[in-house]
Each structure stands twice: as C-alpha cells, then as structure tokens.
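In: sequence plus the predicted model coming up.
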Amino acid sequence: MSNDQSKSPKLDYEWATHTWPEMEKRLEKVDTAILPCGSIEQHGPHLPLDVDFWDAVHLSNRVAEACSEPRPLVLPGIPFGVAYHHQDFKGTISVTNDALAHFVYDIGISLSKNGIQKLIIINGHGDNSPTLKYAAQTIVRDAQIFVCVDTGETSDPDIYKIAETPIDVHAGEIETSMTLATRPQLVKLDLA
C-alpha cells in the first residue's frame, strides 16, 4: 500500500471500503443505498469518455456527504450504459438494455437481502433511463423495497436558466462546465 492510500480517509458512506463485519454493523443503522450509473462514450473531441459515469459517481458522493448520519451507502458505480448510438466513435462501450436491466435487478435483489429498504439510482446517462426505470419496477415488484431513478430532470429547468446554449444536449456547455468544475485537467478547450 502506498503512503497516499494509507493517508486517505475511509468514508463511512462508501460501501466497498468496509469489511463485512463493519458492513454488518453499518447496515443495522443504514437502510438506504445509492447506485451511480453512467456510460463510457464519446463526448466530443474535448471531454473524457467517462463524463456520464463520473458525473453520476460525483453526484452520488455529494448527496451522501450532504445527508446527516446515518448517511446512505454509495455503491461502486456501473460505468457501462446503453450507448449503441455512439458506437461509431472509438472508445464507446455499450451494453444492451437487457444486460443493464438484469445487472441492476440483480444488484437490487442482493441489496434487499442485505437489509436495504431504499435504493436511489443516480443516472448520469439519459439513454439509460427507460432501462433503469424498468429495472426499478421489477426490483420493487420482487423485493418490495423502494427504488427510484434520478436522471436529473428536476434540476434541468434551473440549469437551462443559466446555460447560454439553447437546447444543450450532449458534450456541450453543461457537460463541459461540469467537467471544468470537477476535473479541469481533463478538458481540452482548444478542441471544443
């Protein structure tokens, strides 16, 4: 283990960093989990391929940090999404709707067996939306826990008020601004 790893604090809301006895104890207090979902796909010549995945993970962590104790647990994110329409661009990795739905379903069922009663899926890639909503419905049906999918629609009106670009959809002002705010070293503005 490098010195940098040994000095970074373990965050109480990160599911994957706990040991199983720690998780057993944490799950006595926490009944909510957050699952970030994104995509690895082209975002123009100026942004990294993981914009949608990074945004979902980043938002999930910020949500958990903003909550009072006991904070919801943030799961490791799902980086791959339904992105077949970007496959003409190298670097894009797409999965089928069925694969994503089954994967999320299996995670939800497993979470319910761990005692999770509320699952919040934070989606960073709009084209995952129908698939994630379907998976959420089947988890609710079979595990009888609360599941919701947030794709950011509630914040869209506020974002569009401050964006200068009309109908800014993909790899434009909004996604570039978010990446500049969180990882400026990865933005190639001269190629935007």
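Out: Looks like it came in fine. Numbering: from 1, shown residues only.
In: looking at Ile167 now. What's its pLDDT?
Out: Note for Ile167: predicted pLDDT of 79.
In: which strand or helix spans it?
Out: Here Ile167 sits in a region with no helix or strand, counting by DSSP states H and E.
In: tell me how many other residues surround it.
Out: Neighbour count for Ile167, taken as other C-beta atoms under 10 Å: 7. C-betas here are computed from N, CA, C, even on glycine.
In: do Glu65 as well
Out: The burial count for Glu65: 11, using other C-beta under 10 Å.
In: isn't it up against Tyr13?
Out: Yes - contact criterion C-beta atoms under 8 Å: Glu65 and Tyr13 qualify, at 7.3 Å.
In: this structure: helices as residue ranges?
Out: 3-7, 20-26, 51-66, 97-113, 129-143, 156-162, 173-182 (DSSP state H).
In: follow-up on the earlier one: any shared contact partners between Glu65 and Tyr13?
Out: Shared contacts of Glu65 and Tyr13 (C-beta atoms under 8 Å, 6 or more residues apart in numbering): Arg71.
In: is the residue positioned nearest the centre of the chain bridged to anything, and to what?
Out: Nearest to the geometric centre of the chain sits Pro36, at 2.2 Å (C-alpha atoms, centre = their mean). Note on Pro36: beta-bridge partners by DSSP bridges are Ile122.
In: could you shift the numbering so residue one becomes 47, and keep it that way?
Out: Sure thing, new numbering starts at 47, so read that last one as Pro82.
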